[in-house]
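Peer 1: Show me how the following folds:
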Amino acid sequence: MQSISPTPENRLAERPLGLENVTHRVLVYTDLVALNPNRDTRPPARTLQIHLTGNMERFMWGFDGRRFSEIVEPIRFERNERVRVTLVNDTMMAHPIHLHGHFFELVNGHAGHQPLKHTVNVAPGGRLSFDLTADAPGDWAFHCHMLMHMHAGMFNVVTVRPLDAPSS
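Peer 2: Sure thing, here's the model as predicted:
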């Protein structure tokens, strides 16, 4: 790893890099509100923290300091489990993180009407959380949507088990 953010911050209300000083309105994540109430109102049963790590000079990227070729275990969820996932960006680049097969609720201060997303942009030195209901059984890709970062190792598999459980 090149660095670890000493004080990762919730940067959902900040304008993205390059748009800090423009005169027109710029929407930020805290502006988003779901029109319909969130389906799953259960509080998360557990939390999971994942660090976005890398070295810009050596062009190495990964989750929790390991690239995909070094990871032997997928990220595991029980079917219909409710989990709060916190992404901490320890790098100096923004990372749009995408989870296949699921929509999740971005925790942005609009409880009960959190926006549904499948990709979130995690600002440099930033942290954000989302609530996931693991309701799609199987194995799913979880990766940075900057394809060069994904191919360099910022990729993992999310597995939702058991496959045969009834969905709620």
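
Peer 1: Can you give me the buried ones in stretch 112-126?
Peer 2: By 16 or more other Cβ atoms under 10 Å, the buried positions in stretch 112-126 come out as 114, 115, 117, 120, 121, 122, 123, 124, 125, 126. C-betas here are computed from N, CA, C, even on glycine.

Peer 1: from those, which ones fall inside strands?
Peer 2: Of these, the ones assigned to strands by DSSP state E are 117, 120, 121, 122, 126.

Peer 1: since we're on the nearest residue to the last one once chain neighbours are set aside, how many residues are nearby?
Peer 2: For residue 126, ignoring the flanking residues on the chain, the nearest one in space by Cβ to Cβ, 6 or more residues apart in numbering is residue 11 at 3.9 Å. Number of residues near residue 11 (other Cβ atoms under 10 Å) recorded here: 21.

Peer 1: ok, residue 11 touching residue 120?
Peer 2: No - the criterion here is Cβ atoms under 8 Å, and residue 11 misses it with residue 120 at 11.5 Å.

Peer 1: any residues in contact with both of these two?
Peer 2: With contacts defined as Cβ atoms under 8 Å, 6 or more residues apart in numbering, the residues adjacent to both residue 11 and residue 120 are residue 128.

Peer 1: after the helix or strand bottoming out on mean pLDDT in the chain, next one along is what?
Peer 2: Of all helical and strand segments in the chain, the minimum by mean pLDDT, DSSP states H and E falls on strand 9-10, at a mean of 90. Proceeding N to C from strand 9-10, the next assigned helix or strand is strand 46-55, under DSSP states H and E.

Peer 1: average model confidence for that following strand?
Peer 2: In this model, strand 46-55 carries a mean pLDDT of 95.

Peer 1: So which elements touch the helix or strand following that strand?
Peer 2: Sequence-wise, the next helix or strand downstream of strand 46-55 (DSSP H and E) is strand 60-63. Applying 3 or more Cβ pairs under 8 Å, 6 or more residues apart in numbering; DSSP states H and E, one finds that strand 60-63 contacts strand 46-55.

Peer 1: Off-centre distance for the strand it packs on?
Peer 2: 9 Å (Cα atoms, centre = their mean, to the nearest Å).

Peer 1: Poorly predicted segments of this protein, please.
Peer 2: Within the chain, the segments meeting pLDDT under 70 span 1-6, 165-168.
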